[in-house]
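Student: the sequence isn't on hand, but the structure is:
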């Protein structure tokens, strides 16, 4: 594992920069989602015409809600992952940038789907959106695999194999549901969107048994007087 070249005493500050930069990217991305939805421009507006315009934009708002929820989910996952991390490497920097690259593509793929998703004969818009979601999920999975590897010693404490598997399953739920949804989309375009409702159900309720197993199997190092003295000794 190649270590970044900087003063070890500034490691904590560098980690804060690392996380603040990632948070900033997520904040900009989630803001761009709504910017892509334009306010209707009518020369002679009436309530009827405005309501009709809003109705025509319903798919765009639906795409916004889905993307907002998923970007928010990935931000919370990123937040949890780096709640464990105490150091980083150059490889982790580039891996995180690759992950953020897939995140910043979401406003485009969401807007692309919102613009052309109402055409049931078009497959490319939903294919692009699905590909983006899967790519983000796989990068999130790769990020977790990298930092959770006990050989790299990047975490605050030892975590159980059950906790590592839980993180993997959480990362792969969204890509799996989107792939299933896209396959159904090829046959039943309207019904396929309802399959996306499985995502919050599986993330919230489907992981309960795995979460309990992870908590039960969690390996927490015992605190001994010797370890306390070791921590308190000046470096």
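Tutor: Ah, there it is. Since this is a predicted model, take the numbers as computed values, not measurements.

Student: which phi and psi values does the nearest residue to residue 26 once chain neighbours are set aside adopt?
Tutor: Of all residues beyond its chain neighbours, the one nearest residue 26 is residue 75 (4.4 Å), with distances taken as C-beta to C-beta, 6 or more residues apart in numbering. In this view, the C-beta of every residue, glycine as well, is placed from N, C-alpha and C. The phi/psi pair for residue 75 (degrees, to the nearest 10) reads phi -60, psi -40.

Student: so how far is residue 143 from the residue nearest the centre of the chain?
Tutor: Computing the C-alpha centroid of the chain and ranking residues by C-alpha atoms, centre = their mean puts residue 74 first, at 1.9 Å. Residue 74 is 10 Å from residue 143, where distance means C-beta to C-beta, to the nearest Å.

Student: doesn't residue 12 fall inside a helix?
Tutor: Yes - under DSSP: H, G, I helix; E, B strand; the rest coil, residue 12 falls within a helix.

Student: residue 18 versus that one, what's the distance?
Tutor: Residue 12 sits 11 Å away from residue 18, going by C-beta to C-beta.

Student: where does residue 41 land in three-state SS?
Tutor: Residue 41 is classified as coil under three-state DSSP.

Student: quick check: phi and psi on it?
Tutor: With angles defined as degrees, to the nearest 10, residue 41 sits at phi -110, psi 110.

Student: and for the one 4 residues further on?
Tutor: Here is the backbone geometry of residue 45 (degrees, to the nearest 10): phi -70, psi 140.

Student: could you give the number of residues near it?
Tutor: One way to gauge burial is a neighbour count; for residue 45, by other C-beta atoms under 10 Å, it gives 11.

Student: what's the answer for residue 135, then?
Tutor: The number of residues packed around residue 135, counting by other C-beta under 10 Å, is 19.
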